[in-house]
Each structure stands twice: as structure tokens, then as C-alpha cells.
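Chemist: Okay, structure incoming, though there's no sequence with it:
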């Protein structure tokens, strides 16, 4: 979000400069317009900010709403309104103009930055959404989005409309059944059932579409579900197969006879020309690594079956030396005699039986029976196991392979062994419930039913210690039986980070006192508790006297020091059950559970006196005014805070540096 340009439209120079300073601090480039007309002129002149912070109530001339509407006629720029009021009429006025919301002028720095970043992200998301819509609309393939229950179309792109010959208005009254003559309602719903039940993520099928003029054309349809604003919709990607079908049919007729002949043979089979080049082969031969266009001594036989000079030339150029003949092949004899030829040979320890069968004057069939394939299969299995071991050990997460019936550990990677605190040999054979005692239910459910599940669990290490982990259990079917693949990731650092993030979210960054949002939650809980238990509690609201003078005379750093000093003084005096919060600026508030208002007033007087006697480096002594009130039956959060604020106002009106409190509850 850094290096973004922001235009502040605010008729108060002080307010605009304050916001600009905050944004500059976070790396944003800021320009200020003091009137709506000036803002419109900037955008009209070609300066397009990434975001506009707009005062809803500007001075003379255009107000914020008029300015925003004028700018949006020039460019669709995101606008976040600045307001000091949140009455319904004001909020509705804002909503009618912008989808990017508003921010209170009294908001903290963190709230302002958070809303700015959210608005920028939302704008980028909207830009991307428009781009994706353009991609969908202009796709050469047909794209449909319809409701799987009503079957009504929501979207039909340009490619589909052009191919079908229908207008968008006509398609708005149609369903997929109008395009697919081979389906009725029952059969089409049966087709959709695996998607709707979650058995399949995607369905691919082939059918025909009917154009408006009645003509039919073959299509390949890809169906999948997605959620949009709580509604399940079906996306259909349709590919016109008309040209492909024609080519496929032509090639199919030519290749069918050859394919049937080759695939009917159970062993590797090749068609080779006089130049010893492969021109066709069956699936078994492909699995041995042979490819069309290669030479027989490269893909089938060993390079030693040609002379050293020919071999060197082939290795250097990838082409045979003119006149090269494979000493291993007897193809010429088979072609010349027009009869089958065969031999059995031992080539580098491999026993092969090879047949050559003439097909025509230039082509023969090369049929290979490899009697050593079983040994090779064993070697491949060994290599696969080793490859699996390398894959498991290279994974950054712990992995165990567990038998789904006995729950015994069959394999474990090095990361899992390190997390458990034992060697793989010590772990293999143990029950997985020795490592995860509380996972029995999860493993049993996964073993007999669902394909995969995950949850946070506790890993019990061999030394008795424990680790919090994210555990994923995946059921896997193999020839040797069902297995559970248990993957687990150490969450220790993440748990610490979550704790730190929560602490940051409820505290004021400067004073480390609680922030206003958290204090409001605590106060609401205390009100509910007082209603149930009838226990008293009190509220102290204090404000540093003449704090602006401190900032003006000694600078903001000195002002910050005063705030932190006051917060530390209070925290060192109050109880652990008490709650201190920075209410805003130089104003603090203290919640005192189980405390009558008289004792709260005494504490306030004590704090006032301690602060007035305290020497703050570079500043000297400061004072504060205190307003104190207690909970009264029927109080709400607003009435309680208002009464504390009134007491604070009385203290300030009484000459400051004093405590004022309400001794009695107001009469109903």
C-alpha cells in the first residue's frame, strides 16, 4: 500500500495537515485541496490519486457529496468520507455516493490507517473484478452461469450469444434445457446431482447445443459450482467441438486399424521403416520410454549394436551416419524374404526374444519379449520407495504413514522424528495414539468414513514435553490396504504471534494502556455483572490540564512523555482487576470493579496529588482534572460515560487540578 497517492479534501487546514502528517508517516504521498472545486480541478488536470479522503461538510461552494459526484464523472476513484457525525441521515447520504465508507474525524491514527488500507484494497479488488468480467465476456469459448435450482441464466457471455444466435433478452427467459435437446429436467438434474451433493468438484461431459435456427453442434461442457453472496451458482465452460470432431473422425479412421493391431499385442511392439526409425508403437512400448521418430538402436536396442564410429556420430548429432545399420536387427532379411524372422539374444545381461514381421516393402513390425522385466519391476519398486523416502524427508512438516486398521506407524519422516524427539526406528511400529492421545476420535472417523480431516492437536514428545500442532489426517487407499497420512505442523511460533497480535489489538501503542474499544467492551461486561450481582463499581475520567501548551512549548515528544508518565503512575497504583484505558488524546478513563464512588473519589484525589508533585524531565510538573461517578441502576454505557464526562467538565470549570464526583444517583 505504500507509495500510494491520497488527496485530502478538507476545508480545515489544521485538520487536513494533521491527517496528511499521519499518512506521510506511513509512506503515502499526500496532496490537500481546501475546497471541492479545487479537488475537481486537480482531477480534471490529470492528477489521479489512488484514494480521496473527503470531508462530507465542506465550507462554501460544493459540499463533499457534490464534489464526489463531480469527480466520479471524470474517473471512478475511491472516496472515503471524513465526518464528525454518524446520524442515520448522514450515513445514508454517504452510502448513496460511495461504496468505500467513512471515517470519523476523531478516529485514532490506527483506525484511520486501517480504513485507508481497507479502501485501497477494496478498490483494487473492484478493478480486478471488472477485469475478470471483461475476460469472461470476451472469452472465445461459451461461458454460462446459471442457478442449479431454477436453471435460470445469470450470465451468458458474448461468445455464447454469437454462436447460438440468441439475444441477451431472449436468453434471460431460457434455461440450459432449451439448448440441450437430449436432456429433460429429470436427466439434467441427475447430471448436476454429484456437484450439488459435493461428490464431485467438476463434471465434464459431451453433448450437443441447438442454435436459434435449429442447427446442432457438438460441445464439451465443464460444470462446477461456486458460492456468490451466499448463493450456489453453476459455471459452465462450453467448447465448440465442430472442427475438432471433423479432424478427429478423419484421423480416427486412418489410425483405427493400426491401433487395433498394435494394442492387441501384450508386449512392446513397434513399426519401423528401413532407416530403423520408429513410425508407430503401442502403449506398452511407450511405457518403456520409446517415442515416434527415434531410432531403434536408441530406444529399443543398445547403442553398442552399431559401430563405434556410427555411435559417436549419433551421440554428437542425434542423427544416424548415412548407411548406418543396426547389427542387432534382421529387418532387411524379413523384408527381403517377406517372412517372419526371430532370434533370442543376451544384450548386456538382458534376455530378449525379438520378432520381425514384414508389413509392406518399407515397413516391418518389431515385437520384443523382455524376460528380465520382473527384475526391472523389483528395481523400480525399490527406487520408488527410496523416492518416497526422499520426498517425505524433504517436507518441512512432520509426516507419518499409519495403517488404518491397526493404527500402527509404518513410516515417518525426519521432521516428524525430530518433533517427536526420537529416531524413526524408535517410532515405527508404535501406535499413533502414543504420539497423539487425544486424536483417537479424529483418526477413527477418517479411517472409516471421510477422506480427510484436520484439527489443532497436542503432540506428546518422548521427553514428556508437548507441542501444539495443526494435524491433517488424509485417508489413502493402496493395494496393501487403507492408510492414514498424518501431517502435522508446529504451531508454537504462531501461538506466540497470535498472543502478541491480540495484545496489540487491545492496547494503546504509546501508553500501553488499554484502548477505547477494549475498555468499552469491559465496561459493558461490568454493567451486565452489576445488574446480576448488585455489586457497585465506579468510573474515573481524567484529562491533563493545558496539555496543548505542553505540546506547543516542549514539542510532541515531551507530550508523549507526559502521557506515558501519567499512564505508568496510574498502572502502578491501581489493582490488577482495575482497567485503565486511553480514551483519546490526553484523556484517560479507569474502571474500578467492586468499588463505591466515595473510594473511587479518594483514589482520584490520591492520583491527582501524586501527579501534581511529580517532576517530568524536560517538562516539569503537570496537573489533571478528574471526574468520578458510580454505577446506578438502569445505567447504560452511554449514560455512565456521560455522567463521568459531566463530572470532568465540572472539575475543569472549577479551576482544574481537582476531583469532582457524583455522590448520588440521578432521580428517575
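Modeler: Sure thing, it's come through. These numbers come from a predicted model, not from an experiment.
Chemist: C-alpha only now, for contacts and for neighbours.
Modeler: Will do.
Chemist: helices and strands of the protein: which one has the lowest mean pLDDT?
Modeler: In the chain, no helix or strand scores lower on mean pLDDT, DSSP states H and E than helix 440-448, which sits at a mean of 52.
Chemist: how deep is residue 651 tucked in, by neighbour count?
Modeler: Other residues near residue 651 come to 23 when the count uses other CA atoms under 10 Å.
Chemist: all strands for the stretch 201-350 of the chain, in order.
Modeler: All strands of the stretch 201-350 of the chain, identified by DSSP state E, counting those that start in this stretch, fall at 203-210, 216-228, 231-240, 269-273, 278-281, 341-347, 350-358.
Chemist: Just the mean pLDDT for the first one, thanks.
Modeler: Regarding strand 203-210, the rounded mean pLDDT is 92.
Chemist: cool, the fifth one as well?
Modeler: Taken as a whole, strand 278-281 carries a mean pLDDT of 83.
Chemist: One more: the third one?
Modeler: Taken as a whole, strand 231-240 carries a mean pLDDT of 89.
Chemist: Pull the distance from that strand to the chain's centre.
Modeler: How far strand 231-240 lies from its chain's middle: 23 Å, per CA atoms, centre = their mean, to the nearest Å.
Chemist: strands paired with that strand, and their directions?
Modeler: Neighbouring strands of strand 231-240 in its sheet, by DSSP bridges, are strand 142-146 (antiparallel), strand 216-228 (antiparallel).
Chemist: what about these, which gets the closest to residue 114?
Modeler: strand 216-228 (26.1 Å; CA to CA).
Chemist: related to what we said a few turns ago, would you mind putting the strands of the stretch 201-350 of the chain into JSON lines with distance to residue 555 alongside?
Modeler: Shown next, in JSON lines, are the strands of the stretch 201-350 of the chain (distance: least, CA to CA, whole Å):
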{"stretch": "strand 203-210", "distance to residue 555": "68"}
{"stretch": "strand 216-228", "distance to residue 555": "53"}
{"stretch": "strand 231-240", "distance to residue 555": "56"}
{"stretch": "strand 269-273", "distance to residue 555": "89"}
{"stretch": "strand 278-281", "distance to residue 555": "86"}
{"stretch": "strand 341-347", "distance to residue 555": "91"}
{"stretch": "strand 350-358", "distance to residue 555": "90"}
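Chemist: for the ones you listed, which one ends up most surrounded?
Modeler: Mean neighbours per residue, mean count of other CA atoms under 10 Å, is largest over the strands of the stretch 201-350 of the chain for strand 269-273, with a mean of 24.
Chemist: Run me through the strand neighbours of that one, direction for each.
Modeler: strand 278-281 (antiparallel), strand 363-370 (antiparallel).
Chemist: right, and the ones you listed - which one's nearest residue 388?
Modeler: strand 363-370 (27.3 Å).
Chemist: now residue 417: how far from residue 435?
Modeler: According to CA to CA, to the nearest Å, residue 417 stands 11 Å off from residue 435.
Chemist: neighbour-wise, which of those two wins?
Modeler: Using other CA under 10 Å as the criterion, residue 417 and residue 435 rank with residue 417 on top: 20 against 17.
Chemist: ok so the more buried one is a helix residue?
Modeler: Yes: assessed by DSSP: H, G, I helix; E, B strand; the rest coil, residue 417 belongs to a helix.
Chemist: quick one: which of the strands of the stretch 201-350 of the chain is nearest residue 620?
Modeler: Among the strands of the stretch 201-350 of the chain, strand 216-228 comes nearest to residue 620, with 61.4 Å by CA to CA.
Chemist: Residue 560 belongs to a helix, doesn't it?
Modeler: Yes: according to three-state DSSP, residue 560 belongs to a helix.
Chemist: List the contacts of residue 61.
Modeler: Going by CA atoms under 8 Å, 6 or more residues apart in numbering, residue 61 touches 35, 36, 37.
Chemist: pLDDT wise, what is the last one at?
Modeler: Read that as residue 37. 89.
Chemist: I'd like to know how far the closest residue in space to it that isn't next to it in sequence sits from residue 176.
Modeler: Counting by CA to CA, 6 or more residues apart in numbering, the nearest residue to residue 37 once its immediate chain neighbours are dropped is residue 62, at 6.7 Å. Plainly put, residue 62 is 51 Å away from residue 176 if you go by CA to CA.
Chemist: Okay, now the unreliable bits of the stretch 301-450 of the chain?
Modeler: For the stretch 301-450 of the chain, the stretches with pLDDT under 70 are 301-306, 323, 325-356, 366-367, 370-379, 381, 393, 438-450.
Chemist: what about the helices in the stretch 351-500 of the chain?
Modeler: For the stretch 351-500 of the chain, the helices defined by DSSP state H, counting those that start in this stretch occupy 373-394, 414-420, 424-427, 432-435, 440-448, 492-506.
Chemist: Next, the buried residues of the second one.
Modeler: By neighbour count on 16 or more other CA atoms under 10 Å, the buried set for helix 414-420 is 414, 415, 416, 417, 419, 420.
Chemist: just to revisit the earlier point, you'd agree the residue nearest to residue 37 is in a helix?
Modeler: No: judged by three-state DSSP, residue 62 forms no part of a helix; its state is coil.
Chemist: Distance check, it against residue 620.
Modeler: 47 Å.
Chemist: and these two? which has more neighbours close in?
Modeler: residue 62 (16 against 12).
Chemist: quick one, what contacts the more buried one?
Modeler: 35, 36, 37.
Chemist: How about the secondary structure of the last one?
Modeler: Reduced to three states with three-state DSSP, the structure at residue 37 is helix.
Chemist: hang on, the earlier thing: just the buried subset of the contacts of residue 61, please.
Modeler: For the contacts of residue 61, buried by 16+ other CA under 10 Å: 35, 36, 37.
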